[in-house]
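Trainee: Could you look at this predicted model? Sequence included:
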Protein chains: 2
Amino acid sequence: MSQLRWDPLKLHWVIMADEQSRKPRDFFTEWRTVTTTLCPFCYGQEGRTPAEVYALRPDGSPPNQPGWRVRVIPNKYPLLRIEGELAPRGVGLYDVLNGIGAHEVIIETPDHQRHPADFRAMELADVFRAFRARIMDLRRDGRFRYIMPFKNHGLEAGATIPHAHSQLLALPVIPPRMRQTLHACREFFHRKERCLLCDLLEQELADGRRIIHADRDFVALAPFASRHPFEVLIAPRRHGHDFCQATDAVLLALGEVLREVLRRQRSVLRDPPFNLVLHTSPTAVPRPGRPDLWHSLAQDFHWHLELVPCLARPAGFEWSSDFFINPTPPEDAARFLREAEISAGV
Amino acid sequence: MSQLRWDPLKLHWVIMADEQSRKPRDFFTEWRTVTTTLCPFCYGQEGRTPAEVYALRPDGSPPNQPGWRVRVIPNKYPLLRIEGELAPRGVGLYDVLNGIGAHEVIIETPDHQRHPADFRAMELADVFRAFRARIMDLRRDGRFRYIMPFKNHGLEAGATIPHAHSQLLALPVIPPRMRQTLHACREFFHRKERCLLCDLLEQELADGRRIIHADRDFVALAPFASRHPFEVLIAPRRHGHDFCQATDAVLLALGEVLREVLRRQRSVLRDPPFNLVLHTSPTAVPRPGRPDLWHSLAQDFHWHLELVPCLARPAGFEWSSDFFINPTPPEDAARFLREAEISAGV
């Protein structure tokens, strides 16, 4: 079983593989495209994957058969496993948990060739509906603290199978970065009784230079302190801490803005590999000053999407310091994306 | 002038380029090797670089001429500039500083072809002497809070010029990751009157499974919660917070262990690109509870080197969460490195 290990000096968690430990030779073949004659994510190959845990299908169509629009399966090679005990323990100065969690794959379309920027808004909304359903289901498992859906597009972004898919990890701890963001949101709210991201969106809309797209429901912007060139944040204008409370109408509006941004990104940056991450409230957060008591959701958080094209590869300095160098100011990135010529929608 | 920008939601600093802002087309040619007929780091090309700020030369040899063993120059395309005012200011919810700092290049050898693993221990010690001299000089500038020498080897690790060199950044703020580590060290010391890394080394030496090399002066180990496969930490056995207090004899011993580890890494991992970072006490740290008062050095820190080969490329999940997935447990990595066959030293 894999382990979660805590570093008391550098203060991070790591998921440490066990059974599938990679030997030196396993790295020498890295970055080759996985080419198989039969893609396991295509129609007719359902038997080659673990049994589905969720699918969007025409009413009455049987599971694990063709006919689905979106299909969610446990990852065949999971980083974390659902069965077993967390067994938190100390090993001298270190902290260790068993690698308990969930690791699922969201197959976003039956179409092997479909590019994410060519999804219709309704198809993207279907993917978000799958995220919502899976988060709501996994949240009922009291062992999980943080559930994070994310998408890798392109080999350099970590996608080893080209057929469009996302992944979802349910973690038994809140990642340190999220913990810090949650803390910042809570502090801000306690002091001002306003949401930090609501205020940031207000300031950005008034300024305008970093806005890529704004409509009634959503804002897409290049963050003022973007760590990566052409990074985009998409957030609902109306405060909401919990992605799972978004209605189908809101998810359709989110699909529309994401489609818009993906098409602009593909046009400006020539179809870059990218990562997309959904940040929503953790399933449980410790009470301020009472880490022994947990309440259910962080109301002062504001859910959002982060979209990061893989353009510049961070170097040693950035890894070690978490102090990033961005060669493209977000004001320029937003302008390029705003002015992009994109063909009319399907 | 570049800017340092603070993100109040994600809590990180970014160096935002200005004059040299990269356009979309600038990314399309990324990762090509820079090939020039005349390398600016070779003998006879000294006039093509900024004037040297430090060099190891035979006594009496004139600056900016051949004859040097190690040569330090300001970076021709600096991320941060030494001239000007920091001018810290708020921009609504954001914090901004002017891009003030130092960005230097340490040319490690006149030999264009020399591979880092083929440096003799004395030659590596010369590079460390240059680090020490530059940190001591830059520390006198009260605007700088953190000085970090680092090395990128190989194009994929960020080295655009193949001639062996390191870089050094002097930053006007302490990177958040270092601030957390410093805090952890201080807390540990206040509670126990012992150094955290001293205790970690003790525990690791007693366990033995993650030790790659240990001698009278240094320990090289694969950290228990390594974020990256085959990551190595090298630390002095005797507590020292300040790299600049290391004597020439200690730097020679450090050169010996680094040479040993680099040769083992090259053998096991087939000459991977890598990043090497020196972590030493910041030049100034805030007093606990009194952020307005700064004292000069963090005595409870313990300086060390971090060596990270570029094998697996982190994906979106890891970027966003700072929750890393390591496919090779450090126990396995240490065993491979310990058992590596390396040819006898020069």
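Mentor: Sure, I can see it. Numbers count the residues shown, from 1 in each chain, chains lettered A, B, ... in the order given.
Trainee: Contacts only, for the nearest residue to residue A:214 once chain neighbours are set aside.
Mentor: What sits nearest to residue A:214 in space, not counting adjacent residues and going by Cβ to Cβ, 6 or more residues apart in numbering or on different chains, is residue A:205, at 6.3 Å. For every residue, glycine as well, the C-beta is placed using N, CA and C. Residues counted as contacts of residue A:205 (Cβ atoms under 8 Å, 6 or more residues apart in numbering or on different chains) are A:211, A:214, A:219.
Trainee: Let's see the pLDDT reported for the last one.
Mentor: This points to residue A:219. What the model reports as pLDDT for residue A:219 is 98.
Trainee: Not counting sequence-adjacent ones, nearest residue to it?
Mentor: Nearest residue to residue A:219 in three dimensions, chain neighbours excluded: residue A:201, at 5.4 Å (Cβ to Cβ, 6+ apart).
Trainee: Let me see the confidence value for that neighbour.
Mentor: 98.
Trainee: same deal with residue A:271?
Mentor: 94.
Trainee: quick one: it is in a helix?
Mentor: No - using DSSP: H, G, I helix; E, B strand; the rest coil, the assignment for residue A:271 is coil, not a helix.
Trainee: circling back: how many other residues sit next to the residue nearest to residue A:219?
Mentor: 23 (other Cβ atoms under 10 Å in any protein chain shown).
Trainee: Around chain B, pick out the residues from the stretch 101-250 of chain A.
Mentor: Applying Cβ under 8 Å from any Cβ of the partner chain, we find that the stretch 101-250 of chain A lies next to chain B at A:148, A:150-152, A:156-158, A:167, A:169, A:171, A:175-178, A:180-181, A:184-185, A:188, A:196-197, A:199-200, A:203, A:207, A:223-227, A:229-230.
Trainee: Endpoints of stretch A:99-108, how far apart?
Mentor: 27 Å (Cα to Cα, to the nearest Å).
Trainee: With stretch A:281-301 instead?
Mentor: For stretch A:281-301, the first-to-last residue distance is 6 Å (Cα to Cα).
Trainee: Check stretch A:113-123 too.
Mentor: OK, stretch A:113-123 end separation, Cα to Cα: 15 Å.
Trainee: again, but for stretch A:221-228
Mentor: 13 Å.
Trainee: Quick check: buried residues in that stretch?
Mentor: For stretch A:221-228, a neighbour-count test (16 or more other Cβ atoms under 10 Å in any protein chain shown) marks A:221-228 as buried.
Trainee: Those residues into a markdown table, with extra columns for secondary structure?
Mentor: Formatted as a markdown table, the buried residues of stretch A:221-228 follow (three-state DSSP):
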| residue | secondary structure |
| --- | --- |
| A:221 | strand |
| A:222 | coil |
| A:223 | coil |
| A:224 | coil |
| A:225 | coil |
| A:226 | coil |
| A:227 | coil |
| A:228 | coil |
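Trainee: re earlier: just the buried ones out of the residues of the stretch 101-250 of chain A next to chain B, please.
Mentor: For these, buried by 16+ other Cβ under 10 Å: A:148, A:150-152, A:156-158, A:167, A:169, A:171, A:175-178, A:180-181, A:184-185, A:188, A:196-197, A:199-200, A:223-227, A:229-230.
Trainee: Now the nearest residue to residue A:89 once chain neighbours are set aside: phi and psi?
Mentor: Nearest non-adjacent residue to residue A:89, counting by Cβ to Cβ, 6+ apart: residue A:96, 5.5 Å away. Per-residue torsions, residue A:96: phi -140, psi 140 (degrees, to the nearest 10).
Trainee: Tell me what residue A:96 is bridged to.
Mentor: residue A:5, residue A:89 (DSSP bridges).
Trainee: What count of nearby residues applies to it?
Mentor: Neighbour number of residue A:96 under other Cβ under 10 Å is 18.
Trainee: follow-up on the earlier one: that's a helix at the residue nearest to residue A:219, yeah?
Mentor: Yes - if the criterion is three-state DSSP, then residue A:201 is within a helix.
Trainee: give the contact list for it.
Mentor: Here residue A:201 is in contact with A:219, A:221, A:235, A:237 (Cβ under 8 Å, 6+ apart).
Trainee: is it true that the third one touches residue A:303?
Mentor: Yes - with contact defined as Cβ atoms under 8 Å, residue A:235 reaches residue A:303; the gap is 7.4 Å.
Trainee: So for these two, which sits in the more crowded spot?
Mentor: Comparing residue A:235 with residue A:303 by other Cβ under 10 Å, the one with more neighbours is residue A:235, at 24 against 19.
Trainee: and that one, what is it in contact with?
Mentor: Residues in contact with residue A:235 (Cβ under 8 Å, 6+ apart) are A:197, A:201, A:218-219, A:302-305.
Trainee: ok so it is a helix residue?
Mentor: No - checked against three-state DSSP, residue A:235 lies outside a helix; its state is strand.
Trainee: could you measure it against chain B, distance?
Mentor: 10 Å (Cβ to the nearest Cβ, to the nearest Å).
Trainee: Low-confidence stretches in chain A?
Mentor: Counting by pLDDT under 70, the ranges of chain A that qualify are A:19, A:29-37, A:284-297, A:314-316, A:344-346.
Trainee: Hmm, residue B:8 and residue A:185 touching each other?
Mentor: No - checked against Cβ under 8 Å, the pair residue A:185 and residue B:8 is beyond contact range at 9.7 Å.
Trainee: any common contacting residues for those two?
Mentor: Common neighbours of residue A:185 and residue B:8 (Cβ under 8 Å, 6+ apart) are residue A:196.
Trainee: Quick check: phi and psi on the residue lying farthest from the centre of chain A?
Mentor: Computed with Cα atoms, centre = their mean, the residue of chain A farthest from its C-alpha average is residue A:92, at 33.7 Å. The phi and psi values for residue A:92, taken as degrees, to the nearest 10, are phi 60, psi -120.
Trainee: Now do the same contact list for residue A:169.
Mentor: Going by Cβ under 8 Å, 6+ apart, the list of residues near residue A:169 reads A:79-80, A:101-103, A:147-148, A:150, B:317.
Trainee: Strands of the stretch 51-200 of chain A, start to end?
Mentor: A:54-56, A:70-74, A:89-91, A:94-98, A:102-107, A:146-153, A:165-171 (DSSP state E, counting those that start in this stretch).
Trainee: Let me have these in TSV, adding distance to residue A:116 as columns.
Mentor: TSV is the format used below for the strands of the stretch 51-200 of chain A (distance: least, Cβ to Cβ, whole Å):
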stretch	distance to residue A:116
strand A:54-56	17
strand A:70-74	13
strand A:89-91	41
strand A:94-98	34
strand A:102-107	12
strand A:146-153	6
strand A:165-171	10
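Trainee: Skipping adjacent residues, who's closest to residue A:186 in space?
Mentor: Using Cβ to Cβ, 6+ apart, the closest residue to residue A:186 is residue A:300 (5.1 Å).
Trainee: tell me the secondary structure for the one you found?
Mentor: coil.
Trainee: count of neighbours near residue A:47?
Mentor: Residue A:47, neighbours per other Cβ under 10 Å, totals 9.
Trainee: Please name the bridge partners of residue A:166.
Mentor: residue A:106.
Trainee: Surely it touches residue A:153?
Mentor: No - with contact defined as Cβ under 8 Å, residue A:166 does not reach residue A:153; the gap is 9.4 Å.
Trainee: Identify the contacts common to these two.
Mentor: residue A:276.
Trainee: Quick check, the residue in the stretch 101-250 of chain A closest to chain B?
Mentor: Using Cβ to the nearest Cβ, the closest approach of the stretch 101-250 of chain A to chain B is made by residue A:158 at 3.0 Å.
Trainee: Check whether that residue really touches residue A:275, as I assumed.
Mentor: Yes - under the criterion of Cβ under 8 Å, residue A:158 makes contact with residue A:275 at 7.3 Å.
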